[in-house]
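**Student:** Sequence first, then the predicted structure:
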Amino acid sequence: GAKWTYDGPQGQDHWSQHYPYCGGALQSPIDLKSDLLRFDPTLRPIEVQNYNLSPNEQLTLGNNGHSVQLSLSPTMSISSLRNRYTAAQLHFHWGSPSRPAGSEHTVNSKQYAAELHVVHYNSDKYPNISTAVDKSDGLAVLGVLVEVGMFNPAFDHILKFINRIMYRDQKVKVPAFNIRALLPTRLDEYYRYDGSLTTPPCYPSVLWTVFRNPITVSRQQFLTLAATLYSSNAQDSASMSLSNNYRKTQPVDNRLVLASFKE
Ligand SMILES: NS(=O)(=O)c1c(F)c(F)c(S(=O)(=O)CCO)c(N[C@H]2CCCc3ccccc32)c1F
Ligand SMILES: [Zn+2]
(Lines give C-alpha, C1' and ligand atoms only; values in the text may rest on other atoms or scores of the structure.)
(Ligands and ions follow the chains in the order given, each with its own letter.)
Protein backbone atom coordinates (compact mmCIF):
# COMPACT_ATOMS: atom_id res chain seq x y z
CA GLY A 1 0.00 0.00 0.00
CA ALA A 2 0.93 3.68 0.09
CA LYS A 3 4.00 4.66 2.13
CA TRP A 4 3.23 5.40 5.74
CA THR A 5 5.59 6.58 8.44
CA TYR A 6 5.46 7.23 12.18
CA ASP A 7 6.11 10.97 11.85
CA GLY A 8 5.76 13.74 9.29
CA PRO A 9 3.19 14.15 6.46
CA GLN A 10 2.49 10.36 6.26
CA GLY A 11 2.77 10.05 10.04
CA GLN A 12 0.41 8.36 12.48
CA ASP A 13 -1.92 11.40 12.79
CA HIS A 14 -2.65 11.02 9.04
CA TRP A 15 -2.94 7.22 8.74
CA SER A 16 -6.76 7.32 8.80
CA GLN A 17 -6.79 9.33 5.56
CA HIS A 18 -5.69 6.23 3.60
CA TYR A 19 -6.49 3.52 6.19
CA PRO A 20 -9.95 4.18 7.67
CA TYR A 21 -9.71 1.54 10.43
CA CYS A 22 -6.83 3.57 11.94
CA GLY A 23 -9.46 6.16 12.91
CA GLY A 24 -11.94 3.53 14.11
CA ALA A 25 -12.67 1.61 17.31
CA LEU A 26 -10.70 -1.05 19.18
CA GLN A 27 -7.34 0.54 18.34
CA SER A 28 -3.97 -0.43 19.83
CA PRO A 29 -1.75 0.22 21.68
CA ILE A 30 -3.31 1.44 24.93
CA ASP A 31 -2.13 2.64 28.34
CA LEU A 32 -2.56 -0.25 30.79
CA LYS A 33 -3.85 1.73 33.77
CA SER A 34 -4.26 -0.01 37.14
CA ASP A 35 -7.66 1.55 37.89
CA LEU A 36 -8.95 0.30 34.50
CA LEU A 37 -7.95 -3.32 35.03
CA ARG A 38 -10.31 -6.12 35.98
CA PHE A 39 -8.76 -9.22 37.54
CA ASP A 40 -10.06 -12.28 35.65
CA PRO A 41 -9.34 -15.58 37.48
CA THR A 42 -10.36 -17.56 34.37
CA LEU A 43 -7.33 -16.28 32.42
CA ARG A 44 -5.02 -19.34 32.17
CA PRO A 45 -1.21 -19.22 31.77
CA ILE A 46 -0.16 -18.79 28.14
CA GLU A 47 1.11 -22.09 26.71
CA VAL A 48 3.34 -21.99 23.65
CA GLN A 49 4.30 -25.00 21.52
CA ASN A 50 7.58 -25.64 19.67
CA TYR A 51 9.11 -22.25 20.42
CA ASN A 52 12.45 -24.00 21.07
CA LEU A 53 13.56 -24.12 17.42
CA SER A 54 16.61 -26.09 16.26
CA PRO A 55 19.64 -24.06 15.03
CA ASN A 56 19.56 -26.35 11.95
CA GLU A 57 16.38 -24.49 10.95
CA GLN A 58 16.80 -21.13 9.15
CA LEU A 59 14.60 -18.08 9.59
CA THR A 60 14.43 -14.90 7.50
CA LEU A 61 15.48 -11.69 9.28
CA GLY A 62 14.37 -8.59 7.40
CA ASN A 63 14.13 -4.81 7.49
CA ASN A 64 10.69 -3.89 6.09
CA GLY A 65 11.23 -0.17 6.58
CA HIS A 66 8.93 -0.13 9.63
CA SER A 67 10.66 -2.64 11.88
CA VAL A 68 13.09 -5.49 12.05
CA GLN A 69 11.06 -8.67 11.57
CA LEU A 70 11.92 -12.34 11.96
CA SER A 71 9.85 -14.96 10.14
CA LEU A 72 8.81 -17.80 12.42
CA SER A 73 8.32 -21.53 11.93
CA PRO A 74 4.70 -22.64 11.34
CA THR A 75 5.34 -25.40 13.89
CA MET A 76 5.20 -22.69 16.58
CA SER A 77 1.82 -21.90 18.15
CA ILE A 78 -0.17 -20.73 21.16
CA SER A 79 -2.22 -23.70 22.43
CA SER A 80 -3.96 -22.21 25.48
CA LEU A 81 -6.52 -20.02 23.68
CA ARG A 82 -10.01 -21.03 22.47
CA ASN A 83 -8.52 -21.61 19.00
CA ARG A 84 -4.96 -22.58 18.06
CA TYR A 85 -2.95 -19.59 16.86
CA THR A 86 0.06 -20.34 14.64
CA ALA A 87 3.15 -18.09 14.69
CA ALA A 88 3.89 -15.89 11.66
CA GLN A 89 6.61 -13.39 12.61
CA LEU A 90 8.07 -11.33 15.39
CA HIS A 91 9.22 -7.71 15.28
CA PHE A 92 10.13 -4.86 17.58
CA HIS A 93 9.18 -1.25 18.33
CA TRP A 94 11.75 1.01 19.95
CA GLY A 95 12.72 4.61 20.76
CA SER A 96 15.97 6.24 19.69
CA PRO A 97 19.59 6.14 20.88
CA SER A 98 19.08 9.41 22.80
CA ARG A 99 15.63 8.41 24.15
CA PRO A 100 15.29 4.74 25.19
CA ALA A 101 11.48 4.97 25.41
CA GLY A 102 9.73 3.32 22.49
CA SER A 103 7.32 0.67 23.73
CA GLU A 104 3.80 0.83 22.28
CA HIS A 105 1.85 -0.28 25.34
CA THR A 106 2.50 1.78 28.48
CA VAL A 107 1.83 0.76 32.10
CA ASN A 108 0.34 3.58 34.18
CA SER A 109 1.81 5.93 31.52
CA LYS A 110 5.30 4.43 31.89
CA GLN A 111 6.81 3.85 28.45
CA TYR A 112 9.45 1.09 28.29
CA ALA A 113 12.56 1.19 26.10
CA ALA A 114 11.12 -1.16 23.47
CA GLU A 115 8.47 -3.82 22.85
CA LEU A 116 8.59 -7.25 21.18
CA HIS A 117 5.53 -8.54 19.29
CA VAL A 118 5.10 -12.19 18.35
CA VAL A 119 2.32 -12.29 15.73
CA HIS A 120 0.11 -15.40 15.38
CA TYR A 121 -3.00 -16.13 13.30
CA ASN A 122 -6.04 -18.32 14.05
CA SER A 123 -5.07 -21.48 12.16
CA ASP A 124 -8.22 -23.33 13.30
CA LYS A 125 -10.29 -20.97 11.14
CA TYR A 126 -7.99 -19.46 8.49
CA PRO A 127 -5.44 -21.03 6.09
CA ASN A 128 -2.87 -18.23 6.41
CA ILE A 129 -2.28 -14.85 8.03
CA SER A 130 -3.35 -12.89 4.93
CA THR A 131 -6.90 -14.24 5.20
CA ALA A 132 -6.89 -13.91 9.00
CA VAL A 133 -5.47 -10.38 9.28
CA ASP A 134 -8.81 -8.53 8.86
CA LYS A 135 -11.05 -10.97 10.83
CA SER A 136 -12.18 -10.11 14.37
CA ASP A 137 -10.88 -13.49 15.63
CA GLY A 138 -7.96 -13.54 13.19
CA LEU A 139 -4.82 -12.67 15.16
CA ALA A 140 -3.24 -13.11 18.58
CA VAL A 141 -0.14 -11.06 19.38
CA LEU A 142 2.10 -11.65 22.41
CA GLY A 143 3.57 -8.36 23.62
CA VAL A 144 6.74 -8.26 25.70
CA LEU A 145 7.93 -5.02 27.28
CA VAL A 146 11.69 -4.45 27.06
CA GLU A 147 13.76 -2.43 29.52
CA VAL A 148 17.50 -1.68 29.66
CA GLY A 149 19.34 -3.80 32.22
CA MET A 150 21.07 -7.17 32.10
CA PHE A 151 22.53 -8.46 28.82
CA ASN A 152 20.07 -10.76 26.98
CA PRO A 153 21.76 -13.71 25.17
CA ALA A 154 18.58 -14.61 23.22
CA PHE A 155 18.31 -11.08 21.82
CA ASP A 156 21.85 -11.43 20.43
CA HIS A 157 20.70 -14.22 18.07
CA ILE A 158 19.00 -11.36 16.19
CA LEU A 159 21.34 -8.46 16.93
CA LYS A 160 24.48 -10.18 15.62
CA PHE A 161 22.96 -10.14 12.09
CA ILE A 162 21.33 -6.71 12.19
CA ASN A 163 24.18 -4.94 10.35
CA ARG A 164 23.34 -7.08 7.29
CA ILE A 165 19.81 -5.63 7.02
CA MET A 166 20.61 -1.95 7.59
CA TYR A 167 18.44 -0.80 4.69
CA ARG A 168 14.77 -1.25 3.80
CA ASP A 169 13.89 -4.52 1.99
CA GLN A 170 17.19 -6.19 2.94
CA LYS A 171 16.80 -9.78 4.21
CA VAL A 172 19.16 -12.42 5.51
CA LYS A 173 18.80 -16.11 6.48
CA VAL A 174 19.72 -16.71 10.11
CA PRO A 175 19.91 -19.88 12.25
CA ALA A 176 16.80 -20.41 14.36
CA PHE A 177 17.06 -20.35 18.16
CA ASN A 178 14.89 -20.78 21.26
CA ILE A 179 12.24 -18.07 20.78
CA ARG A 180 10.85 -18.96 24.24
CA ALA A 181 14.00 -17.30 25.67
CA LEU A 182 12.73 -13.95 24.33
CA LEU A 183 9.60 -14.20 26.51
CA PRO A 184 9.56 -13.42 30.24
CA THR A 185 9.90 -16.27 32.72
CA ARG A 186 6.29 -16.04 33.90
CA LEU A 187 3.65 -16.54 31.21
CA ASP A 188 0.84 -16.60 33.79
CA GLU A 189 0.84 -12.85 34.48
CA TYR A 190 -0.46 -10.72 31.62
CA TYR A 191 -2.90 -8.03 30.46
CA ARG A 192 -5.59 -9.09 27.94
CA TYR A 193 -7.82 -6.93 25.69
CA ASP A 194 -9.36 -6.78 22.23
CA GLY A 195 -7.40 -4.46 19.95
CA SER A 196 -5.86 -3.91 16.56
CA LEU A 197 -2.76 -3.94 14.44
CA THR A 198 -0.66 -0.98 15.58
CA THR A 199 0.34 -0.23 11.97
CA PRO A 200 -1.79 0.45 8.93
CA PRO A 201 -4.24 -1.00 7.98
CA CYS A 202 -4.98 -1.04 11.79
CA TYR A 203 -7.52 -3.88 11.44
CA PRO A 204 -9.36 -4.48 14.78
CA SER A 205 -8.38 -8.15 14.56
CA VAL A 206 -5.96 -8.70 17.43
CA LEU A 207 -6.44 -10.53 20.73
CA TRP A 208 -3.69 -8.77 22.71
CA THR A 209 -1.71 -10.46 25.48
CA VAL A 210 0.89 -8.14 27.05
CA PHE A 211 3.03 -9.85 29.68
CA ARG A 212 3.26 -8.09 33.05
CA ASN A 213 6.99 -8.67 33.45
CA PRO A 214 9.46 -7.02 31.06
CA ILE A 215 12.57 -8.66 29.66
CA THR A 216 15.88 -6.80 29.78
CA VAL A 217 18.53 -6.03 27.19
CA SER A 218 21.85 -4.32 27.87
CA ARG A 219 22.34 -0.66 27.01
CA GLN A 220 24.73 -1.73 24.25
CA GLN A 221 22.13 -4.13 22.83
CA PHE A 222 19.46 -1.41 22.91
CA LEU A 223 21.80 1.02 21.13
CA THR A 224 22.57 -1.59 18.45
CA LEU A 225 18.83 -2.03 17.82
CA ALA A 226 18.07 1.70 17.90
CA ALA A 227 21.07 3.00 15.95
CA THR A 228 21.75 0.49 13.17
CA LEU A 229 18.68 0.40 10.94
CA TYR A 230 17.47 2.75 8.21
CA SER A 231 13.89 3.06 6.95
CA SER A 232 15.24 4.11 3.56
CA ASN A 233 16.68 1.67 1.04
CA ALA A 234 20.34 1.40 0.14
CA GLN A 235 19.89 3.34 -3.14
CA ASP A 236 18.29 6.40 -1.47
CA SER A 237 20.71 9.30 -1.26
CA ALA A 238 19.28 10.60 2.04
CA SER A 239 19.42 7.86 4.70
CA MET A 240 16.55 7.95 7.19
CA SER A 241 17.19 6.28 10.56
CA LEU A 242 14.60 3.72 11.65
CA SER A 243 13.78 4.80 15.20
CA ASN A 244 10.77 5.83 17.30
CA ASN A 245 8.71 3.27 15.34
CA TYR A 246 5.92 3.17 17.92
CA ARG A 247 2.29 4.23 17.70
CA LYS A 248 0.95 6.53 20.43
CA THR A 249 -1.55 5.01 22.89
CA GLN A 250 -5.18 5.03 21.69
CA PRO A 251 -8.52 5.65 23.48
CA VAL A 252 -9.71 2.62 25.49
CA ASP A 253 -13.36 3.78 25.21
CA ASN A 254 -15.59 1.19 26.90
CA ARG A 255 -13.26 -1.76 26.40
CA LEU A 256 -12.62 -4.21 29.23
CA VAL A 257 -8.92 -4.54 30.04
CA LEU A 258 -8.37 -7.78 31.93
CA ALA A 259 -5.46 -8.87 34.12
CA SER A 260 -4.61 -12.50 34.94
CA PHE A 261 -3.09 -11.31 38.22
CA LYS A 262 -4.08 -9.19 41.24
CA GLU A 263 -2.00 -6.02 41.64
N1 LIG B 1 2.33 -4.18 15.98
S2 LIG B 1 1.60 -5.27 15.06
O3 LIG B 1 0.22 -4.88 14.88
O4 LIG B 1 1.78 -6.58 15.67
C5 LIG B 1 2.38 -5.31 13.50
C6 LIG B 1 3.37 -4.40 13.15
F7 LIG B 1 3.73 -3.41 13.98
C8 LIG B 1 4.03 -4.50 11.94
F9 LIG B 1 4.98 -3.61 11.64
C10 LIG B 1 3.72 -5.50 11.05
S11 LIG B 1 4.65 -5.65 9.58
O12 LIG B 1 6.03 -5.85 10.02
O13 LIG B 1 4.13 -6.68 8.77
C14 LIG B 1 4.65 -4.15 8.68
C15 LIG B 1 3.29 -3.59 8.51
O16 LIG B 1 2.30 -4.53 8.31
C17 LIG B 1 2.69 -6.40 11.36
N18 LIG B 1 2.39 -7.34 10.39
C19 LIG B 1 1.34 -8.31 10.45
C20 LIG B 1 -0.02 -7.69 10.18
C21 LIG B 1 -0.09 -7.25 8.74
C22 LIG B 1 -0.03 -8.45 7.82
C23 LIG B 1 1.01 -9.44 8.21
C24 LIG B 1 1.39 -10.46 7.33
C25 LIG B 1 2.37 -11.39 7.69
C26 LIG B 1 2.99 -11.30 8.94
C27 LIG B 1 2.64 -10.28 9.82
C28 LIG B 1 1.62 -9.42 9.47
C29 LIG B 1 2.04 -6.30 12.60
F30 LIG B 1 1.08 -7.19 12.95
ZN1 LIG C 1 4.14 -4.61 16.61
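**Tutor:** Looks like it arrived, so ask away. Numbering: from 1, shown residues only. Ligands and ions are numbered 1, 2, ... in the order given.
**Student:** Next to ligand 1, which bits of the stretch 101-250 of the chain? Give me the list.
**Tutor:** Contact residues (C-beta under 6 Å from any ligand atom) of the stretch 101-250 of the chain with ligand 1: 117, 119, 129, 133, 141, 197-199. Glycine gets a C-beta too; all of them are placed from N, C-alpha and C.
**Student:** got the contact list for the nearest residue to Cys202 once chain neighbours are set aside?
**Tutor:** Of all residues not flanking Cys202 in the chain, Cys22 sits nearest, at 3.8 Å (C-beta to C-beta, 6 or more residues apart in numbering). Contact analysis of Cys22 by C-beta atoms under 8 Å, 6 or more residues apart in numbering lists 12, 15-16, 200-202.
**Student:** and if we set it to 6 Å?
**Tutor:** Residues near Cys22 by C-beta atoms under 6 Å, 6 or more residues apart in numbering: 15-16, 200, 202.
**Student:** mind listing the helices for the stretch 1-150 of the chain?
**Tutor:** Ranges of helices in the stretch 1-150 of the chain, per DSSP state H, counting those that start in this stretch, are 15-18, 129-132.
**Student:** who does the first one touch, helix- and strand-wise?
**Tutor:** Using 3 or more C-beta pairs under 6 Å, 6 or more residues apart in numbering; DSSP states H and E as the contact criterion, no secondary-structure element is in contact with helix 15-18.
**Student:** Pass me the low-pLDDT residue ranges in the protein, would you?
**Tutor:** Within the chain, the stretches with pLDDT under 70 are 1-2.
**Student:** got the contact list for the helix ranked longest in it?
**Tutor:** The single longest helix within the chain, with elements called by DSSP state H, is helix 219-228. The contact list for helix 219-228 (C-beta under 6 Å, 6+ apart) reads 94, 96-97, 100, 113, 148, 155, 159, 162-163, 243.
**Student:** pretty sure Thr60 contacts Leu72?
**Tutor:** No: using C-beta atoms under 6 Å, Thr60 is not in contact with Leu72, being 9.6 Å away.
**Student:** Would you mind telling me which of those two has the busier surroundings?
**Tutor:** With neighbours defined as other C-beta atoms under 10 Å, Thr60 and Leu72 compare such that Leu72 has more, 23 against 14.
**Student:** that older thread, would a markdown table of the contacts of helix 219-228 with neighbour count be doable?
**Tutor:** Output for the contacts of helix 219-228, formatted as a markdown table (neighbours: other C-beta atoms under 10 Å):
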| residue | neighbour count |
| --- | --- |
| Trp94 | 29 |
| Ser96 | 16 |
| Pro97 | 15 |
| Pro100 | 22 |
| Ala113 | 23 |
| Val148 | 17 |
| Phe155 | 23 |
| Leu159 | 18 |
| Ile162 | 18 |
| Asn163 | 11 |
| Ser243 | 22 |
